[in-house]
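**Student:** Next input, structure requested:
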Amino acid sequence: MQIQERGLGTHAGQPVAVTRAPTWLIALTVVLAVALVALGAWVIVDRSGSETLPADEVATTAQRSLEAWDTGDSDAILDLYAEDATFANGRDLVGAQAIADYVEELDGRGFVAEAMSTTVVEGNTAITVITYGAEGDMSPALGILEMNAEGLIENHTVVEVSGLQVSEG
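**Tutor:** Next up is the predicted model:
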């Protein structure tokens, strides 16, 4: 007990002095950690550029995209997606043409996509709970669309969610 009261500890049974980092070093570490977290948040939030589109425009583009996927309208996909757009749902595609070709392929297999919720808009990002697949074998998912300052979809991500139930209310 006497060793701990004097700021000493033990290591391998031998008394050793226990020192604390200088206060300025602790403060600097905290400031750097906060700056790193802030930088990470800024990078995530500012991915779509500095110009924020009107929320109704973002929601309308998201709805038009869902309709294009549901109807297999590859021309609408080409109008809505940036030339270098990405699509990710386990099958990663790059480019509006690749995405349009995939939509045509899915349409040939009886693909259906429907909204299960109102679209939520934050900045240039739209999130909608959707259900997709073939009739009788639908899966719930989150459809996440990130748009550039011109209103074109840059990133489209589909995240499957199992056990999701959406009620109207």
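**Student:** Show me which helix or strand of this protein is least confident by mean pLDDT.
**Tutor:** helix 2-5 (a mean of 41; mean pLDDT, DSSP states H and E).
**Student:** Strands of the chain, start to end?
**Tutor:** Along the chain, counting by DSSP state E, strands occupy 8-11, 14-17, 81-88, 93-94, 111-115, 120-122, 125-134, 137-147, 153-160.
**Student:** Return the set of buried residues in the last one.
**Tutor:** Within strand 153-160, the residues that qualify as buried are 153-158, counting by 16 or more other C-beta atoms under 10 Å. Where you see a C-beta, it was placed from the backbone N, CA and C, and this is true even at glycine.
**Student:** Tabulate these in CSV, adding columns for distance to residue 77 and pLDDT.
**Tutor:** Output for these, formatted as CSV (distance: C-beta to C-beta, whole Å; pLDDT from 0 to 100):
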residue, distance to residue 77, pLDDT
153, 9, 97
154, 14, 97
155, 14, 96
156, 10, 96
157, 16, 94
158, 14, 93
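**Student:** What is the burial count for residue 94?
**Tutor:** As a burial measure, residue 94 scores 12 neighbours (other C-beta atoms under 10 Å).
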